[in-house]
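*Asks:* pasting the sequence and the predicted model now:
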Amino acid sequence: MLFNRCCCVQSDDGHEQVFHTATQFDIPQGGLDDVDKKRLQVPPDFSIRSVDSSASSGSGYVSLNEEQKAREMTKLQGMIRDFVMEFLQGVFLDAVLEDGTLVPCRCIMDSKLSVLMLQVQSVTRTIELTSIQEICSGKELRDLKVSTPLDELCVTLVMADDQCVSFKFSNTQGREHFATCMKVLRLALD
């Protein structure tokens, strides 16, 4: 069992699906306490343009001229590059347990950017990015049928087998930074 009951409720029958497979990878001799707990860094100029943002227009779309589009694309590419570099080295996020408790989770991505490895204490779970069906954050979480208490600072990765894992961030910028980068990486695999 991973993360002490970190789960989703299947919409069909209401039964909980709990992570149940675990493999080991690069676990230091003394456990996670020996690892420098590097946290995900949000770029200082990152701005939120999501459904949750009060800054976004009613339609959710912003009209940009060609120069602005080029600048935004360059900025997005740099943000994704930095995000990938952090995840290749490993970062710590706060995973949300079923009872709402937060637990430090070491997140590492493989060099092909196709597998996300999650490590809590000595338990490791690998997630193929192609198995992620939804990346929900903010108001989108209201539509999920989960027993885990989630709020506007959470992001939930929902897999094809109705398993999920949720992370909580200290602010909306951190939440949207993670959700945006994960969505871009996931879309790149299609």
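*Replies:* Alright, I've got the coordinates.

*Asks:* now the closest residue to R175 other than its chain neighbours: how far from H177?
*Replies:* Using Cβ to Cβ, 6 or more residues apart in numbering and skipping the chain neighbours, the partner closest in space to R175 is F169 (4.2 Å). From N, CA and C alone the C-beta is placed, and that goes for glycine too. From F169 over to H177 the distance is 8 Å, taken as Cβ to Cβ, to the nearest Å.

*Asks:* what is the least confident helix or strand in this structure?
*Replies:* Among the secondary structure pieces of the chain, namely its helices and strands, strand 16-18 has the lowest mean (mean pLDDT, DSSP states H and E), a mean of 37.

*Asks:* longest strand in the chain, please.
*Replies:* In the chain, taking DSSP state E as the definition, the longest strand is strand 102-109.

*Asks:* any idea how far the nearest residue to L102 once chain neighbours are set aside lies from S122?
*Replies:* Spatial nearest neighbour of L102, excluding adjacent residues (Cβ to Cβ, 6+ apart): D94 at 4.2 Å. In this structure, D94 lies at 18 Å from S122, with Cβ to Cβ as the measure.

*Asks:* for S111, same thing?
*Replies:* The gap separating S111 from S122 is 24 Å, by Cβ to Cβ.
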